[in-house]
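[1] Provided below are the primary sequence and the corresponding predicted coordinates.
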Amino acid sequence: MPVINRIAEFHKEMIAWRRHIHAHPETAFEEHQTSDYVALRLHEFGVDVHRGLAGTGVVGTLKGNRADGPAIGLRADMDALDIEEKNEVEHRSQNPGKMHACGHDGHTAMLLGAAKYLAETRNFAGTVHFIFQPAEENEGGAQVMVQDGLFEKFPVESVYGMHNMPGIPVGEFAVRSGPIMAASDLFEINLTGTGTHAATPNLGRDAIVAGAQLITALQTIRSRTTSPFDAAVVSVTQMRAGTTWNVIPEEIVVRGTARTFSSRVQSHVEAEIRRIADGVARTFDVAAKVRYEHHYPATVNTPEETGLTTDVAREVAGSGKVSLDKDPMMGAEDFAFMLNEKPGVYMWIGNGPRDGGCMLHNPHYDFNDDILPLGASYWSRLVETRLQDAG
């Protein structure tokens with residue numbers, strides 16, 4: 001079953017929504033105009049609207065032609081990134097230094113398209129909650145929505161998310177059961193020695209040398225202390241020390257991120273970072289202080305819901321257009337906080353080739369408007385399939 005005809009009819013309207021949101025990007029917890037725009041569209045469709053979860057979150061509730069069935073949630077993220085857009089298009093960002101470089105504008109438009117269609121047809125039994133989430137990028141808006149009572153106020157049996165993916169052809173989907181996105185942890189290590197003149201290093205305790213050894217030693221976590229069959233990444237991304245040429249500074253700060261798929265490996269990596277920092281500090285006679293923060297958990301799809309979404313995607317795109325063997329990604333996704341509470345699935349929809357190196361978070365990236373009807377049709381068929389009207 002291809003793209004729904006009625007959704008194809010208002011494709012241009014969806015493009016207009018998407019490009020309006022793209023031109024007015026707002027970052028984490030500041031999505032005031034975006035949430036106003038989403039709420040207005042939902043009101044126009046006849047969907048009940050609740051606002052205020054996580055500050056700028058919007059939840060639209062729609063009951064089918066029979067309201068006594070189960071409830072499910074569909075989630076789209078609304079926030080942009082702190083990136084200066086380099087596209088020269090009519091709908092380019094009007095907010096300097098902010099840009100929809102991850103396609104959340106398209107995610108929002110696709111879910112709005114599904115809401116419009118389902119509000120017209122209501123060909124399902126039960127309730128669907130359209131969850132428009134703020135602050136996916138780095139700030140954990142999904143976690144805040146859950147903490148604010150998302151699933152107490154809007155109980156669901158399962159919850160579903162979808163993200164566009166450059167590199168997957170237009171017209172195709174990809175999904176897998178189990179981990180699909182990694183847990184993302186942050187670490188900061190302060191090494192404090194004794195500062196001294198660069199000409200007399202023997203009179204101090206050099207935190208710079210200790211830091212250099214620390215950075216090298218951290219790479220042995222993956223290469224020497226974890227099983228080759230366990231996925232893990234430890235990346236140092238910041239090193240800060242010193243202010244002048246001829247002074248060995250007192251302190252060096254090393255920061256980075258760790259990515260894993262299981263809580264067992266996650267705990268192991270944290271313990272090893274602490275052990276290595278302590279060992280390096282002892283070796284070089286400096287003091288070490290470690291801060292380790294569990295940021296986003298792993299995004300894990302449940303088997304039954306993966307089977308359901310696979311079948312729906314095949315109905316919409318075709319049997320040969322849904323990949324089940326794409327490798328999971330070491331990037332993180334805060335939809336994981338919702339999947340920690342409810343069974344569900346995180347699906348990838350193809351955004352086309354990476355022309356010009358335009359992966360996500362690139363200043364030249366732009367969401368592919370051609371896939372809007374496909375995504376909205378997937379959402380709509382998922383509701384109609386999961387909430388089938390037995391009457």
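    Looks like it arrived, so ask away.

[2] R19 - that's part of a strand, no?
    No - using DSSP: H, G, I helix; E, B strand; the rest coil, the assignment for R19 is helix, not a strand.

[3] D369: what's its closest spatial neighbour, skipping adjacent residues?
    I15 (4.8 Å; Cβ to Cβ, 6 or more residues apart in numbering). C-beta coordinates here come from the backbone N, C-alpha and C atoms, glycine included.

[4] Next, give phi and psi for that neighbour.
    phi -60, psi -40 (degrees, to the nearest 10).

[5] Tell me which residues touch the nearest residue to I4 once chain neighbours are set aside, please.
    In space, and not counting its chain neighbours, I4 is closest to S377: 4.6 Å by Cβ to Cβ, 6+ apart. By Cβ atoms under 8 Å, 6 or more residues apart in numbering, the contact set of S377 is P2, V3, I4, I7, A114, V316.

[6] now, the most widely separated pair of the residues you listed?
    Farthest-apart pair in the contacts of S377 is P2 and A114; separation 15.7 Å (Cβ to Cβ).

[7] So the two - more neighbours on which side?
    Taking other Cβ atoms under 10 Å, P2 and A114 do not tie; A114 has more neighbours (26 against 13).

[8] wait, that one sits on E384?
    No - A114 lies out of contact with E384 (Cβ atoms under 8 Å); the separation is 10.3 Å.

[9] Overlap in contacts, these two.
    Here A114 and E384 have no joint contacts, going by Cβ under 8 Å, 6+ apart.

[10] Burial check on S35, number of neighbours?
    S35, neighbours per other Cβ under 10 Å, totals 22.

[11] Not counting the lengthiest helix in the chain itself, show me its contacts.
    The longest helix of the chain (DSSP state H) is helix 263-284. Helix 263-284 is contacted by residues 183, 185, 187, 189, 191, 193, 205-207, 209-210, 213-214, 217-218, 220-221, 225-226, 230-232, 234, 258, 260, 287-288, 290, 292, 294 when judged by Cβ under 8 Å, 6+ apart.

[12] avg pLDDT for that helix?
    The average pLDDT for helix 263-284 rounds to 97.

[13] List the buried residues in it.
    V265, Q266, H268, V269, E270, E272, I273, I276, A277, V280, A281, F284 (16 or more other Cβ atoms under 10 Å).

[14] could I get the residues you listed as a markdown table with distance to A125?
    What follows is these, written out as a markdown table (distance: Cβ to Cβ, whole Å):
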| residue | distance to A125 |
| --- | --- |
| V265 | 42 |
| Q266 | 40 |
| H268 | 46 |
| V269 | 46 |
| E270 | 46 |
| E272 | 51 |
| I273 | 50 |
| I276 | 56 |
| A277 | 56 |
| V280 | 61 |
| A281 | 62 |
| F284 | 67 |
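
[15] with these in mind, which one is nearest to F151?
    Q266 (24.3 Å).

[16] so what secondary structure elements neighbour the helix or strand V290 falls within?
    V290 is part of strand 287-296, with elements assigned from DSSP states H and E. Here strand 287-296 is seen to pack against strand 183-192, helix 263-284 when contacts are counted using 3 or more Cβ pairs under 8 Å, 6 or more residues apart in numbering; DSSP states H and E.

[17] between those, which one is nearest to K326?
    Across these, closest to K326 is strand 183-192 (Cβ to Cβ), at 18.8 Å.

[18] Relative to that closest one, what are the paired strands and their orientations?
    Under the criterion DSSP bridges, strand 183-192 sits next to strand 251-260 (antiparallel), strand 287-296 (antiparallel) in its sheet.

[19] Tell me which residues of the least confident helix or strand in the chain by mean pLDDT come out buried.
    In the chain, no helix or strand scores lower on mean pLDDT, DSSP states H and E than strand 66-77, which sits at a mean of 93. Burial within strand 66-77, assessed by neighbour count using 16+ other Cβ under 10 Å, is assigned to G69, A71, I72, G73, L74, R75, A76, D77.

[20] Repeat that for stretch 145-153.
    Neighbour-count burial for stretch 145-153 [16+ other Cβ under 10 Å]: M145, V146, L150, F151.

[21] For those residues, work out which two are farthest apart.
    M145 and F151 (9.0 Å).

[22] so where does the most centrally placed residue in the chain fall, helix or strand?
    The centroid of the chain falls nearest to E333 when counting by Cα atoms, centre = their mean (2.9 Å). Here E333 is covered by no helix or strand, with elements defined by DSSP H and E.

[23] go on, A313?
    Per DSSP H and E: helix 303-317 holds A313.

[24] now that helix: mean pLDDT?
    The model assigns helix 303-317 a mean pLDDT of 97.

[25] ok, now stretch 369-383?
    For stretch 369-383, mean pLDDT rounds to 98.

[26] picking up where we left off before, let me know the closest of the buried residues of strand 66-77 to V247.
    For these, the nearest to V247 is D77 (45.5 Å; Cβ to Cβ).

[27] Excluding covalently adjacent residues, which one is nearest to that closest one?
    The spatial neighbour of D77 that comes closest, neighbours along the chain excluded (Cβ to Cβ, 6+ apart), is E136 at 3.9 Å.

[28] All good on my end, thank you.
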